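Visitor: Quick one: sequence plus predicted model below, questions after.
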Amino acid sequence: MKTLIRRTTKEDQKIALSSLKGFQVVSKRIKSSREKGVKIKVQETGEFITIPKKALTLLSAIIQNMAEGKTISIVPWNSEVSTQQAADMLNVSRPHLIKLLETKIIPFKKVGSHRRILLKDIIDYKEQLTKQREAQLDFLSTQAQDLKLGYEWYIHLGLKLY
């Protein structure tokens with residue numbers, strides 16, 4: 001499967017917004033069923049098609065993003081990306097990404113002189129960073145509360161927080 005990228009038009013956004021609420025309600029009901037597939041009726045033809053439940057979850061996310069006017073891209077999990085694409089996904093510079101690759105923090109392979117990174121490895125690294133950040137922020141907030149570095153100084157100054 002190739003990567004699919006589709007820009008959301010204003011018309012697409014309007015349609016997605018109008019169908020979003022109903023789709024979310026139906027999607028929640030279906031999630032609780034034991035069936036592995038979902039039967040959908042195409043109103044224009046009257047035909048029924050069965051799709052996997054996971055595809056319905058993906059469709060729900062697509063409609064949500066379209067309702068927000070976001071561009072949609074669907075990329076196979078085992079896709080390989082260039083160093084520039086990976087750097088853009090991580091919001092870092094390409095030289096910084098290459099340091100991460102060369103220090104084996106993120107796995108990669110070379111195709112000729114080009115480095116290729118699995119999309120899965122980029123997403124895994126990004127999730128790992130998020131978890132580390134959250135843990136560090138939790139530690140800092142706990143430490144600030146223990147040391148009474150929170151909002152107590154407002155009270156000492158006679159200020160109100162609102």
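Guide: Noted; the coordinates are in hand. Residues are numbered from 1 along each chain as shown.
Visitor: list the buried ones in stretch 34-53?
Guide: 38, 53 (16 or more other C-beta atoms under 10 Å). Backbone N, C-alpha and C define where each C-beta goes, glycine included.
Visitor: Stretch 20-37 too?
Guide: 20, 23, 27.
Visitor: can you redo the residues you listed as JSON lines with distance to Val42?
Guide: Formatted as JSON lines, those follow (distance: C-beta to C-beta, whole Å):
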{"residue": "Leu20", "distance to Val42": "19"}
{"residue": "Phe23", "distance to Val42": "15"}
{"residue": "Ser27", "distance to Val42": "17"}
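Visitor: quick check, nearest of these to Gln84?
Guide: Leu20 (33.9 Å; C-beta to C-beta).
Visitor: All the strands of this protein, residue numbers only.
Guide: Secondary structure of the chain (DSSP state E): strands located at 4-6, 37-42, 47-52, 72-74, 80-81, 109-111, 114-118.
Visitor: From the rest of the structure, what touches the shortest one?
Guide: The one in question is strand 80-81. 89, 109, 116-119, 122 (C-beta atoms under 8 Å, 6 or more residues apart in numbering).
Visitor: Distance from that strand to the middle of the chain?
Guide: Strand 80-81 sits 17 Å away from the centroid of its parent chain (C-alpha atoms, centre = their mean, to the nearest Å).
Visitor: now the fourth one
Guide: Strand 72-74 has its average C-alpha position 11 Å from the chain's average C-alpha position, going by C-alpha atoms, centre = their mean.
Visitor: What of the third one?
Guide: Strand 47-52 sits 26 Å away from the centroid of its parent chain (C-alpha atoms, centre = their mean).
Visitor: What of stretch 10-27?
Guide: Per C-alpha atoms, centre = their mean, the centroid offset for stretch 10-27 relative to its chain is 19 Å.
Visitor: show me the contacts for the residue nearest in space to the middle of the chain.
Guide: In the chain, the centroid-proximal residue (C-alpha atoms, centre = their mean) is Ile123; its distance is 9.0 Å. The contact partners of Ile123, by C-beta under 8 Å, 6+ apart, come to none.
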